[in-house]
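Trainee: Quick one, what's the 3D model for this:
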Amino acid sequence: MSQYIHHVPGRIRIRSRAFQCYGERADAAQDRLLAMDGVRSVEIKPRAASLIIQYDPEHVSRAALFATLEELGCMAPVRRDNAHVRQMGETFGKALVGAAMQKAVEQSARTLVGALV
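Mentor: Numbering: from 1, shown residues only. Model prediction:
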């Protein structure tokens, strides 16, 4: 399931093909979110599979907003582990070391050829 979340403190936009806030569920989600302390506005766009929440980060956390949306069935659970970040870091590190080794071997070969000529 594809899900796009854009977040800056005070504003969250969620787009998902699995977005399921339509009709009564959308109204209930909007009412529940607006009832939360710190939520300024909620804009649900079912046709665009999009939801925009304007909020005060001093009064409500992003995690609380996501938990509410998950509970209401408006979005899939957000990945909370960092295993994928660690794996990306390891992959990037290996690629970086590999590139550095490749450059070192190329430079050594040039130096050797230069010394022989």
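Trainee: what about the strands in this structure?
Mentor: 3-8, 11-16, 39-45, 50-55 (DSSP state E).
Trainee: winner for burial among those strands?
Mentor: Highest mean neighbour count of these: strand 50-55, a mean of 20 (counted as mean count of other Cβ atoms under 10 Å). C-betas here are computed from N, CA, C, even on glycine.
Trainee: So which of the strands of the chain is nearest residue 99?
Mentor: Nearest to residue 99, of all the strands of the chain, is strand 3-8, at 30.4 Å by Cβ to Cβ.
Trainee: Packing partners of that closest one?
Mentor: strand 11-16 (3 or more Cβ pairs under 8 Å, 6 or more residues apart in numbering; DSSP states H and E).
Trainee: any idea how far the helix or strand of the chain with the lowest mean pLDDT is from the chain center?
Mentor: The least trusted helix or strand in the chain, going by mean pLDDT, DSSP states H and E, turns out to be helix 83-116, with a mean of 75. Distance, stretch centre to chain centre, for helix 83-116: 30 Å (Cα atoms, centre = their mean, to the nearest Å).
Trainee: do stretch 38-49 as well
Mentor: 18 Å.
Trainee: Restricting to C-alpha, output it in PDB.
Mentor: Only the C-alpha atoms of stretch 38-49 are listed here, as PDB (Å, rounded to 0.1, in the frame of the first residue of the first chain):
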ATOM      1  CA  GLY A  38      -4.500  22.300  19.000                       C
ATOM      2  CA  VAL A  39      -6.100  21.200  15.700                       C
ATOM      3  CA  ARG A  40      -6.900  24.300  13.700                       C
ATOM      4  CA  SER A  41      -8.400  22.900  10.500                       C
ATOM      5  CA  VAL A  42      -9.000  19.600   8.700                       C
ATOM      6  CA  GLU A  43      -9.500  19.300   5.000                       C
ATOM      7  CA  ILE A  44     -10.500  16.000   3.600                       C
ATOM      8  CA  LYS A  45     -10.400  15.500  -0.200                       C
ATOM      9  CA  PRO A  46     -11.600  12.000  -1.000                       C
ATOM     10  CA  ARG A  47     -11.300  12.400  -4.800                       C
ATOM     11  CA  ALA A  48      -7.600  13.300  -4.400                       C
ATOM     12  CA  ALA A  49      -7.200  10.700  -1.700                       C
END
